[in-house]
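Q: kindly return the folded structure for what I paste below:
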Amino acid sequence: MPKRHARAACTALAAAGLLLAATGGATADPAPAAPSAAVTLRTADAPPELLAALQRDLGLTPTQAKARLAHEAEAGATAARLRDRLGAAFAGAWVDGADAAVLTVATTRAADTAAIRATGARAKLVTRTLADLDADRAALDRAAGPATPVRYVDPRSNTLVVEETEAGAAAALLAATGTGADRVTVVRTAEAPRPLYDLRGGDAYYMNGSGRCSVGFPVTKGATNGFATAGHCGRAGTTTSGFNQVAQGSFQASVFPGNDMAWVAANTQWTATPYVKGSGGANVQVTGSVLQPVGASVCRSGSTTGWHCGTIQQHNTSVTYPEGTISGVTRTTVCAEPGDSGGSYISGSQAQGVTSGGSGNCSSGGTTFFQPLNPILSAYGLTLKVSGSDPGPGPGPGEPEPGGTWKAGTVYAAGATVTHGGASYRCIQGHQAQTGWEPPNVPALWQRV
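A: I've put the predicted structure just below:
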């Protein structure tokens, strides 16, 4: 637990103790503490290969790498709860520090700052809501061209960032859309992102016996095994062969541009596994699909450049490639090169998305974008293949199932509501539900209402 979170918890407990002493009331046995987000998301089980890559690419000590994963899990849960509480005034959240121990949450409403600090997070009062800046970005998306290839909301500066490859391109875009220059930070860039057509995430696969991309995350659909990948790698009907050039399957659905998502159904020779190919070819386990916050660490697996790590810079970014605009992708500092497209982005053990495109390389550094995985799972009715987890005790002999609207395999977005065991819950972090993650068991994902 972050130090600031721990201090807030101790303050609350001390206050409760003083109240009991003043009233002379008897104390009942305390209720069992709910599992922390770090425990729920099993950050302590991070494989050595993941920790080694974080140390190498982010310059961390072994202790910092382990602490960072735990702090990021707690920060994600806290930020999600605050976003729900602040509503329209929410202006973004991010983590800082080598071990991500500092969470900052921004709001446009001064009255919210005390509630933010009470969680152990830092509060930042700003002038523009996240929704306002996202609306500005959407307006720019409709008029943007290749000279302004990347646009995103930067919560740290509370501005909309526009990258331009030609002097004056951003100014022309702002004038065309009537967007105020005071709301925008312009960044000059020498390289424009492009789809990484030759890329793979994890093991390589080949399309129609020629071009190469990478497997994103193994999935199932009913009894069919397959995998999620990037839409620009192929269209519905495109046939695939595996890393060993053995016939593998075919694309069932694909979207690009607009989004960059697709899925491939494999033949009976191939079986989905809950792994991403890590450093040195070691298996990295996948246990869920909880999207992590801005500033969190993320690692990518690709067939060209292998295993590399960085941080999440912004969610819900829009990118204009020569082929058209895609929206809703996440911007990262992870490097990639041709051959890595479609491959896996994973934070801790949580699947994040599939490689879309980027700029730079893994020698000098670069910027890449991933298509978040949960929308792919939801759009095509896929179930992410995850490693086995302890589902906890089920109903005893003769006891009924708890019932309700919650269902394993469903992708829940933040704000969705379900019932389970006679109670109502609100989703605070988007994820695909799985057995063992019933709402009462995972307070990092569900809040009782």
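Q: in the protein, which residue is closest to the centre?
A: The centre of the chain sits closest to residue 291, judged by Cα atoms, centre = their mean, with a distance of 2.8 Å.
Q: so that residue sits in a strand?
A: No: with DSSP: H, G, I helix; E, B strand; the rest coil as the criterion, residue 291 is assigned coil and is not in a strand.
Q: you'd agree it is up against residue 430?
A: Yes: applying Cβ atoms under 8 Å as the test, residue 291 and residue 430 come out as touching, 5.3 Å apart. From N, CA and C alone the C-beta is placed, and that goes for glycine too.
Q: who touches both of the two?
A: In terms of Cβ atoms under 8 Å, 6 or more residues apart in numbering, residue 291 and residue 430 are both contacted by the residues residue 374.
Q: any low-confidence regions in the stretch 201-350 of the chain?
A: Residues of the stretch 201-350 of the chain meeting the criterion pLDDT under 70: 201.
Q: which residues in it form strands?
A: 204-207, 211-214, 217-221, 224-229, 239-241, 247-255, 261-266, 275-277, 283-285, 297-302, 306-321, 324-332, 344-347, 350-361 (DSSP state E, counting those that start in this stretch).
Q: right, so of the ones you listed, which gets closest to residue 383?
A: Closest to residue 383 of the strands of the stretch 201-350 of the chain is strand 217-221 (Cβ to Cβ; 5.0 Å).
Q: name the single longest helix found in the protein.
A: The residue-count maximum for a helix in the chain (DSSP state H) belongs to helix 62-86.
Q: next SSE downstream of that helix?
A: Where DSSP states H and E defines the elements, the next helix or strand beyond helix 62-86 is strand 90-96.
Q: from the contact counts, what lies against the following helix or strand past that next one?
A: Note on strand 90-96: by DSSP H and E, the next helix or strand toward the C-terminus is strand 102-107. Secondary-structure packing of strand 102-107 (3 or more Cβ pairs under 8 Å, 6 or more residues apart in numbering; DSSP states H and E): helix 62-86, strand 90-96, helix 113-118, strand 122-125.
Q: would you turn the ones you listed into CSV with distance to residue 312 and mean neighbour count?
A: What follows is the helices and strands packed on strand 102-107, written out as CSV (distance: least, Cβ to Cβ, whole Å; neighbours: other Cβ atoms under 10 Å):
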stretch, distance to residue 312, mean neighbour count
helix 62-86, 10, 22
strand 90-96, 9, 24
helix 113-118, 21, 15
strand 122-125, 18, 17
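Q: save those as JSON lines, and put in mean pLDDT too.
A: Formatted as JSON lines, the helices and strands packed on strand 102-107 follow (pLDDT from 0 to 100):
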{"stretch": "helix 62-86", "mean pLDDT": "96"}
{"stretch": "strand 90-96", "mean pLDDT": "97"}
{"stretch": "helix 113-118", "mean pLDDT": "97"}
{"stretch": "strand 122-125", "mean pLDDT": "98"}
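Q: quickly note the distance from the residue nearest to the centre of the chain to residue 280.
A: 27 Å (Cβ to Cβ, to the nearest Å).
Q: remind me which residues of the stretch 1-150 of the chain are low pLDDT?
A: In the stretch 1-150 of the chain (pLDDT under 70), the answer is 1-33.
Q: could you redo the last one with a cut-off of 80?
A: Scanning the stretch 1-150 of the chain for pLDDT under 80 picks out the ranges 1-35.
Q: ok, back up a step: reformat the strands of the stretch 201-350 of the chain as CSV; add mean neighbour count and distance to residue 39.
A: CSV is the format used below for the strands of the stretch 201-350 of the chain (neighbours: other Cβ atoms under 10 Å; distance: least, Cβ to Cβ, whole Å):
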stretch, mean neighbour count, distance to residue 39
strand 204-207, 22, 36
strand 211-214, 26, 32
strand 217-221, 23, 24
strand 224-229, 26, 28
strand 239-241, 19, 39
strand 247-255, 19, 37
strand 261-266, 26, 32
strand 275-277, 24, 22
strand 283-285, 19, 16
strand 297-302, 29, 19
strand 306-321, 22, 22
strand 324-332, 21, 26
strand 344-347, 31, 17
strand 350-361, 27, 14
